[in-house]
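*Asks:* This is a predicted model, with the sequence first.
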Amino acid sequence: MRRLNILTWHVHGSYLYYLTHAPHEFYLPVRTGRPEGYGGRSGHFPWPENVHDVTADAVRGLTIDVVLYQSTKNYFVDQFEILSAAQRELPAIYLEHNTPRVHPTDTRHPVDDPRVLLVHCTHFNALMWDNGRCPVVVVPHGVVVPDDLRWNGQKERGIAVVNEIGRRGRLAGVDVFLNLRGRVLLDLAGMGSDRLGGLGDLPHRDLHRIEVDYRFFFNPLRYTSLPLAVVEAMALGLPIVALATTELPRAVPHPDAGFVSNDLSELVDGMDGLLADRALARRMGARAREVARETFGIERFVRDWNAAFRRALGKE
């Protein structure tokens, strides 16, 4: 397809980094101080040359093909502040990153417009939201599987990567993590993790370099979309230990690529087994890496997004 000019906001840095592997020009509005959504090419990511910062005041002068919204603030506030009337009539996509919060099955999606293509990042999310009149497609996560980083598992510990786990509470499984940290050797990384004795917010590449030393990856989150950190850990070759909630049972084959269960005692037994048997961890991690290549490869992700862009443009 032809190269598109796409306006979007910096909402989730990791997701945006992988999205910009699509062969299009991405324009990110920025404001002084880089407040929420206006961070542009910020963070620890090696942004490619097709990602461009543009001041919010200059957005009205851009030639845009598609507007990609990623939050209710983008859709209900930002578009009216920075887009022209003509730009607001352009083909539009709303990327929903999250599970419904008010009620798991009866929450109507806030965007209810048949002209807006609603993209969910998991089949679970698409099933649980009441999507109203929006046309819906699912684009599962995609990541770059690194060739130069590979699991070695020399550290007899597990690692979890969750941003603001303390602030997000039970939804992010802070109680689950603290419970199991008292029974198994576990480290924590991510924004705000230092407040719980964790490793803090590490640059993307540095985090991956550190992760490959751990015996397994633990995901304590109860009710969020499939975390990119889980998919990245699979791509690095870490076996996964996770709650069997949302999209996790579909994403992580149990017991081939890890242990997925809502029985915490079963998860502890799995962790203990991985810590005691590095060869077992190696086999599970190798299967996790295969799944990452087969299911979450960046090439498939780009193809799916190109299909979504074509649909938004009325080409399919």
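*Replies:* That came through, no problem. Numbers count the residues shown, from 1 in each chain.

*Asks:* C-alpha only now, for contacts and for neighbours.
*Replies:* Noted.

*Asks:* Against Ala251, how distant is His103?
*Replies:* For His103, the distance to Ala251 (C-alpha to C-alpha, to the nearest Å) stands at 24 Å.

*Asks:* Can I get stretch 108-121 as CSV, trimmed to CA atoms?
*Replies:* Included here for stretch 108-121 are C-alpha records, laid out as CSV according to Å, rounded to 0.1, in the frame of the first residue of the first chain:
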residue,chain,number,x,y,z
ARG,A,108,-20.4,0.3,26.3
HIS,A,109,-17.3,1.5,24.5
PRO,A,110,-17.1,5.3,24.8
VAL,A,111,-16.6,5.7,21.0
ASP,A,112,-19.8,4.8,19.3
ASP,A,113,-19.4,6.0,15.8
PRO,A,114,-19.8,3.7,12.7
ARG,A,115,-17.2,5.9,10.9
VAL,A,116,-14.5,5.1,13.4
LEU,A,117,-12.6,1.7,13.1
LEU,A,118,-12.2,0.3,16.6
VAL,A,119,-9.0,-1.8,16.9
HIS,A,120,-8.6,-4.1,19.9
CYS,A,121,-5.2,-5.6,20.7
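
*Asks:* contacts for it?
*Replies:* The contact list for stretch 108-121 (C-alpha atoms under 8 Å, 6 or more residues apart in numbering) reads 72, 91-97, 100, 126, 129-141, 225-226, 308, 311-312.

*Asks:* Using ChimeraX, make a named selection holding only the buried ones among those.
*Replies:* ChimeraX command restricting these to the buried ones, with burial defined by 16 or more other C-alpha atoms under 10 Å:
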select :91,92,93,94,95,96,97,100,126,129,130,131,134,135,136,137,138,139,140,141,225,226,308,311,312
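
*Asks:* which stretches of the stretch 151-300 of the chain form helices?
*Replies:* Secondary structure of the stretch 151-300 of the chain by DSSP state H, counting those that start in this stretch: the helices cover 165-168, 174-181, 204-211, 228-236, 248-251, 264-276, 278-295, 298-312.

*Asks:* most packed of those?
*Replies:* Of all those, helix 228-236 carries the top mean neighbour count, a mean of 25, counting by mean count of other C-alpha atoms under 10 Å.

*Asks:* relative to helix 278-295, how tilted is that helix?
*Replies:* Taking axes from the mean of the first three to the mean of the last three C-alpha atoms, to 10 degrees, one finds helix 228-236 and helix 278-295 inclined to each other by 110 degrees.

*Asks:* Just the contacts of stretch 108-121: which are in helices?
*Replies:* 72, 126, 308, 311-312 (DSSP state H).

*Asks:* what angle separates the lowest-mean-pLDDT helix or strand in the chain from helix 228-236?
*Replies:* Least confident helix or strand, the chain: helix 204-211 with a mean of 95, by mean pLDDT, DSSP states H and E. Relative orientation of helix 204-211 and helix 228-236, computed by the same axes, to 10 degrees: 60 degrees.

*Asks:* Who are the packing partners of helix 204-211?
*Replies:* When contacts are defined as 3 or more C-alpha pairs under 8 Å, 6 or more residues apart in numbering; DSSP states H and E, helix 204-211 sits against helix 228-236.

*Asks:* so what does the helix it packs on touch, helix or strand wise?
*Replies:* Checking 3+ C-alpha pairs under 8 Å, 6+ apart, helix 228-236 ends up next to helix 204-211, strand 214-219, strand 240-242, helix 278-295.

*Asks:* The same query, at a cut-off of 10 Å, please.
*Replies:* Applying 3 or more C-alpha pairs under 10 Å, 6 or more residues apart in numbering; DSSP states H and E, we find helix 228-236 packed against helix 13-19, strand 155-161, helix 204-211, strand 214-219, strand 240-242, helix 248-251, helix 278-295.

*Asks:* Cool, thanks, signing off.
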